[in-house]
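Asks: quick one: sequence plus predicted model below, questions after.
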Amino acid sequence: AAAERLCALSAAEAAALTSARRPIVPLLKNRGVDVAAAVAPGDPRLGVMLPYTPLHHLLAAEHPRPFVLTSGNISEEPLARMVEEALERLAAVADLFLTHDRPIRMRTDDSVVRIVRGREYPLRRARGYAPAPLDLPIGARVPVLACGAELKSTFCLASGHRALLSPHIGDLEDYAVYASYTEQIAHFTRVFRIAPETVAHDLHPDYLSTKYAHDRAGAAPVAVQHHHAHIASCMADNGWSRPVVGVALDGLGYGCDHTLWGGELLVGDLARIERHGHLEPVPMPGGAAAAREPWRMAAAYLQAAYGGA
């Protein structure tokens with residue numbers, strides 16, 4: 001009822017909000033909604049979440065109006081796990097700290113799901129969803145650790161027909177995020193008693209996740225092209241193993257020809273892929289900055305198409 005006063009709510013969105021997983025669900029704001037202008041400025045949606053811990057319920061009972069929750073971290077940094085860590089890292093952005101006597105063992109962000117045509121699509125798969133196992137259409141012959149890419153990183157452990165995906169971790173270029181990444185891999189392998197014999201990594205040789213894969217002893221590294229991984233994950237998500245035509249509009253990925261790919265038409269299956277089409281290569285203004293700020297690539301393509309400065 002409180003969410004409906006803020007936003008338009010479909011039956012599927014209400015079901016996601018009230019599920020035991022309690023994700024954040026982006027919802028279209030009602031006209032004239034009474035929310036501070038600084039909350040999601042310029043966005044027609046609000047990310048709404050219902051209480052999912054006893055502490056949330058106590059807060060909501062004392063403060064019945066909507067209140068804003070954020071993850072306990074600065075952008076691109078891992079969540080603060082210890083009280084002392086939070087006081088040091090967040091002192092410049094928080095006026096008050098509500099602490100707890102229960103230590104946080106592992107960092108896990110809130111999950112974000114969007115409802116499209118009545119179906120849940122995860123934008124960030126974390127608390128409540130990870131590490132719930134996913135079914136694989138083809139079982140792993142040996143235990144596998146998939147190390148992921150470098151930005152918006154996650155990793156995955158696969159054993160048999162089960163895939164255990166980690167929560168969203170962050171960008172590995174930040175040392176604290178990378179430390180959290182290695183800590184969570186160690187935690188997963190210990191808790192689920194999976195000793196990887198194969199380590200899958202991105203084809204990009206300079207990704208920190210690639211270097212981590214090559215530094216792991218006792219496991220054979222296997223390189224996977226970035227956009228092939230996206231197509232294969234969509235196939236696995238839909239229980240499909242036969243050949244497909246896949247369109248990957250993810251952005252930058254290190255290619256099989258040692259150039260940077262982006263905007264790919266790929267034909268193949270889970271094991272192998274061929275590149276049948278792609279966007280015309282153009283200079284990347286600012287180098288790696290163009291991967292983080294896509295408007296730079298839009299400007300490069302406009303210049304390539306129409307000329308001019």
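Replies: On my side now, so go ahead.
Asks: quick one, strands of the stretch 151-300 of the chain?
Replies: For the stretch 151-300 of the chain, the strands defined by DSSP state E, counting those that start in this stretch cover 156-165, 198-202, 220-224, 244-248, 253-254, 260-261, 264-268, 273-278.
Asks: can I get those strands in TSV including distance to R22 and mean neighbour count?
Replies: The way it works is simple: take the backbone N, C-alpha and C, and place the C-beta from them, glycine included. Listed next are the strands of the stretch 151-300 of the chain as TSV, based on distance: least, Cβ to Cβ, whole Å; neighbours: other Cβ atoms under 10 Å:
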stretch	distance to R22	mean neighbour count
strand 156-165	18	19
strand 198-202	31	22
strand 220-224	33	14
strand 244-248	32	17
strand 253-254	34	22
strand 260-261	38	20
strand 264-268	36	19
strand 273-278	37	15
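Asks: now render the ones you listed as a markdown table, adding distance to Y212 and mean pLDDT.
Replies: Putting the strands of the stretch 151-300 of the chain into a markdown table (distance: least, Cβ to Cβ, whole Å; pLDDT from 0 to 100) gives the following:
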| stretch | distance to Y212 | mean pLDDT |
| --- | --- | --- |
| strand 156-165 | 14 | 94 |
| strand 198-202 | 8 | 96 |
| strand 220-224 | 10 | 94 |
| strand 244-248 | 24 | 96 |
| strand 253-254 | 16 | 90 |
| strand 260-261 | 21 | 90 |
| strand 264-268 | 25 | 95 |
| strand 273-278 | 24 | 94 |
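Asks: and those as TSV, adding distance to H57?
Replies: Shown next, in TSV, are these (distance: least, Cβ to Cβ, whole Å):
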stretch	distance to H57
strand 156-165	29
strand 198-202	42
strand 220-224	44
strand 244-248	43
strand 253-254	44
strand 260-261	48
strand 264-268	47
strand 273-278	49
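Asks: nearest to R102 among those strands would be which one?
Replies: Closest to R102 of the strands of the stretch 151-300 of the chain, according to Cβ to Cβ: strand 156-165, at 24.6 Å.
Asks: sorry, back to before: right, and the strands of the stretch 151-300 of the chain - which one's nearest W295?
Replies: With Cβ to Cβ as the criterion, W295 lies closest to strand 260-261 of the strands of the stretch 151-300 of the chain, at 17.7 Å.
Asks: can you list the strands that that closest one pairs with?
Replies: In the sheet, strand 260-261 lines up against strand 253-254 (antiparallel) (DSSP bridges).
Asks: what packs against the lengthiest helix in the chain?
Replies: In the chain, assigned by DSSP state H, the helix with the most residues is helix 175-191. Here helix 175-191 touches strand 156-165, helix 208-215, going by 3 or more Cβ pairs under 8 Å, 6 or more residues apart in numbering; DSSP states H and E.
Asks: now that helix: mean pLDDT?
Replies: Helix 175-191 carries an average pLDDT of 92.
Asks: flag every buried residue along it.
Replies: A176, V177, Y178, S180, Y181, Q184, I185, F188, T189 (16 or more other Cβ atoms under 10 Å).
Asks: what is the nearest of these to H276?
Replies: Nearest member of the buried residues of helix 175-191 to H276, counting by Cβ to Cβ, is Y181, at 34.1 Å.
Asks: just to revisit the earlier point, quick one, the longest helix of the chain and strand 156-165 angle?
Replies: Angle, helix 175-191 to strand 156-165, by axes from the mean of the first three to the mean of the last three Cα atoms, to 10 degrees: 90 degrees.
Asks: kindly export helix 175-191 (C-alpha atoms) in CSV.
Replies: Provided in CSV are the C-alpha atoms of helix 175-191 (Å, rounded to 0.1, in the frame of the first residue of the first chain):
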residue,chain,number,x,y,z
TYR,A,175,42.1,-2.3,-4.9
ALA,A,176,39.5,-2.7,-2.1
VAL,A,177,37.1,-4.2,-4.6
TYR,A,178,39.7,-6.6,-5.9
ALA,A,179,40.5,-7.7,-2.3
SER,A,180,36.7,-8.3,-1.8
TYR,A,181,36.6,-10.3,-5.1
THR,A,182,39.4,-12.6,-4.0
GLU,A,183,38.0,-12.9,-0.5
GLN,A,184,34.6,-14.0,-1.9
ILE,A,185,36.0,-16.5,-4.3
ALA,A,186,37.9,-18.1,-1.3
HIS,A,187,34.6,-18.1,0.7
PHE,A,188,32.5,-19.7,-2.1
THR,A,189,35.0,-22.5,-2.8
ARG,A,190,35.2,-23.2,0.9
VAL,A,191,31.5,-23.1,1.7
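Asks: many thanks, I have nothing further to ask.
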